[in-house]
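[1] Build the 3D model from these lines:
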Amino acid sequence: MTKFKPLIAAFALLSLPLASGAMAQTPSATGLEGKAVVGQGGELLGHVERVVLAADGSPAQVLVRPKGVRAAGPRSLPIKVLKPQGEALAAPLTKAEFDSMPAIETARQ
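    Alright, predicted model coming up:
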């Protein structure tokens, strides 16, 4: 069980609801698609595939397509945990934590 504690903590952090006023410190939806997302240590996790909006039209989540040929579907990250870092967005996850997150099934358009 000990080896799962960091992973459980990461999922708990990412599943927190959006707090009011949190958007003032987070990126806006404009220009997010295609941006690189890096994890702790600056390692590339993937790229923003889609921005998911809340009922009020503000960005709530981003779907990040993992890098790599064998990568499964995108992972969902709350916008509030992403911080601008140069031309990329920084997430508070390691590559291993990101890769272990469940893939989100999206409808093909």
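[2] show me where the protein has helices.
    For the chain, helices defined by DSSP state H occupy the ranges 5-14, 95-100.
[3] hey, least reliable of those by pLDDT?
    Ranked on mean pLDDT, the bottom entry among those is helix 5-14, at a mean of 47.
[4] which residues sit in contact with residue 94?
    39, 40, 41, 43 (CB atoms under 8 Å, 6 or more residues apart in numbering). Heads up, the C-betas are built off the backbone N, CA and C, glycines and all.
[5] Among these, name the ones in strands.
    Counting by DSSP state E, no part of those is found in strands.
[6] Greatest separation within the residues you listed: which pair is it?
    40 and 43 (7.6 Å; CB to CB).
[7] Tell me the bridge partners for the closest residue to residue 74 other than its chain neighbours.
    In this structure, residue 74 finds its nearest non-sequential neighbour in residue 63, 3.9 Å apart by CB to CB, 6 or more residues apart in numbering. For residue 63, the beta-bridge partners are residue 50, residue 76 (DSSP bridges).
[8] show me what contacts residue 63?
    With CB under 8 Å, 6+ apart, residue 63 has these contacts: 48, 49, 50, 51, 52, 74, 75, 76, 104, 106.
[9] Near residue 57, how many other residues are there?
    For residue 57, the count of nearby residues is 8 (other CB atoms under 10 Å).
[10] Could you give the backbone dihedrals for it?
    phi 90, psi 0 (degrees, to the nearest 10).
[11] Distance check, it against residue 91.
    Remark: distance between residue 57 and residue 91 (CB to CB, to the nearest Å) = 23 Å.
[12] With residue 81 instead?
    For residue 81 relative to residue 91 (CB to CB), the value is 6 Å.
[13] Where does pLDDT dip in the chain?
    Scanning the chain for pLDDT under 70 picks out 1-30, 69-71, 107-109.
[14] make it 80
    1-30, 68-72, 106-109 (pLDDT under 80).
[15] Please check the contacts of residue 63 and keep the buried ones.
    48, 49, 51, 74, 75, 76, 104 (16 or more other CB atoms under 10 Å).
[16] Many thanks, I have nothing further to ask.
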